[in-house]
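[1] no FASTA, just this:
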Ligand SMILES: Nc1ncnc2c1ncn2[C@@H]1O[C@H](COP(=O)(O)OP(=O)(O)OP(=O)(O)O)[C@@H](O)[C@H]1O
Ligand SMILES: [Mg+2]
């Protein structure tokens with residue numbers, strides 16, 4: 001089995017701020033690849049580099065065997081790299097239906113758009129009820145459904161998803177992650193998932209990476225990482241950081 005996305009010796013940053021160091025990353029076709037790690041370690045930056053939204057200092061981004069490092073983001077979208085950003089992923093003033101249609105702007109075939117809309121509504125029946133509602137009036141969980149539906153409308157060959165459960169009630173977290181898994185199966189779509197809720201994400205994942213300080217400290221199967229001390233350390237680290245913050249306040 002080949003890889004849908006690879007990076008080789010990737011160094012990335014924002015101007016002079018170096019964030020990602022010599023990263024070799026492989027996301028296999030037809031699998032869910034999960035990237036976990038504490039705040040600020042470079043997870044979003046890696047997704048942005050794959051999408052072409054940050055400056056790559058050196059190294060390569062490879063999509064289905066093709067070097068896309070020099071391509072602008074919209075060219076990567078056309079080639080089939082779908083991206084659901086951590087924030088700002090829907091148009092609040094437009095209706096749900098308008099959001100979905102706009103998302104399909106790269107698709108020429110109207111019958112594909114119709115079929116794809118059906119698929120999105122089958123996955124997320126609630127969106128169908130809300131076609132005429134302004135997207136800004138949706139709940140947090142419903143917005144995530146819409147944002148995922150929007151990426152699906154573009155017929156991506158891979159989907160990068162940045163913290164789809166952020167800000168959601170614990171009760172909804174499982175639903176959102178289970179839906180992603182279902183989506184991966186229904187649309188036969190490999191997914192690269194960044195999540196803070198590591199344990200839950202690893203339960204739906206196949207391949208796993210742990211990131212710290214712009215480097216990978218673990219690569220393996222999701223199951224291995226679930227049973228690895230690094231995962232517990234990450235949670236303990238998060239607790240400490242939280243407590244420190246509390247003390248400061
Ligand atoms: N536009 C920017 N300009 C300068 N520095 C940035 C910019 N965006 C992010 N950074 C810095 O790069 C580092 C990595 O940020 P990134 O957003 O990739 O982290 P993350 O792992 O996704 O964190 P989180 O889990 O909180 O979303 C952080 O130190 C952040 O402050
Ligand atoms: Mg992030």
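    Looks like it came in fine. Predicted, not measured: the structure shown is a model, and the values here were computed from it. Ligands and ions are numbered 1, 2, ... in the order given.
[2] which other helices and strands does the helix or strand residue 35 falls within contact?
    Applying DSSP states H and E as the criterion places residue 35 in strand 32-36. The contact analysis (3 or more Cβ pairs under 8 Å, 6 or more residues apart in numbering; DSSP states H and E) places strand 32-36 against helix 43-51, helix 170-186, strand 191-194, helix 198-204, strand 207-212, helix 222-226. Glycine gets a C-beta too; all of them are placed from N, C-alpha and C.
[3] rank these by mean pLDDT and give me the bottom one.
    Of all those, the minimum mean pLDDT falls on helix 170-186 (a mean of 87).
[4] residues from this protein in reach of ligand 1?
    Residues of the chain lying near ligand 1 by Cβ under 6 Å from any ligand atom: 14, 17, 19, 37, 39-45, 86, 196.
[5] got JSON lines for those residues, with distance to residue 127 and neighbour count too?
    As requested, the residues of the chain next to ligand 1 are exported to JSON lines (distance: Cβ to Cβ, whole Å; neighbours: other Cβ atoms under 10 Å):
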{"residue": "14", "distance to residue 127": "35", "neighbour count": "11"}
{"residue": "17", "distance to residue 127": "38", "neighbour count": "8"}
{"residue": "19", "distance to residue 127": "35", "neighbour count": "20"}
{"residue": "37", "distance to residue 127": "31", "neighbour count": "26"}
{"residue": "39", "distance to residue 127": "31", "neighbour count": "9"}
{"residue": "40", "distance to residue 127": "33", "neighbour count": "11"}
{"residue": "41", "distance to residue 127": "33", "neighbour count": "21"}
{"residue": "42", "distance to residue 127": "32", "neighbour count": "24"}
{"residue": "43", "distance to residue 127": "27", "neighbour count": "23"}
{"residue": "44", "distance to residue 127": "26", "neighbour count": "20"}
{"residue": "45", "distance to residue 127": "30", "neighbour count": "21"}
{"residue": "86", "distance to residue 127": "21", "neighbour count": "15"}
{"residue": "196", "distance to residue 127": "25", "neighbour count": "16"}
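[6] about what we covered before: most packed of the helices and strands packed on strand 32-36?
    Most buried of the helices and strands packed on strand 32-36, by mean neighbour count (mean count of other Cβ atoms under 10 Å): strand 191-194, with a mean of 26.
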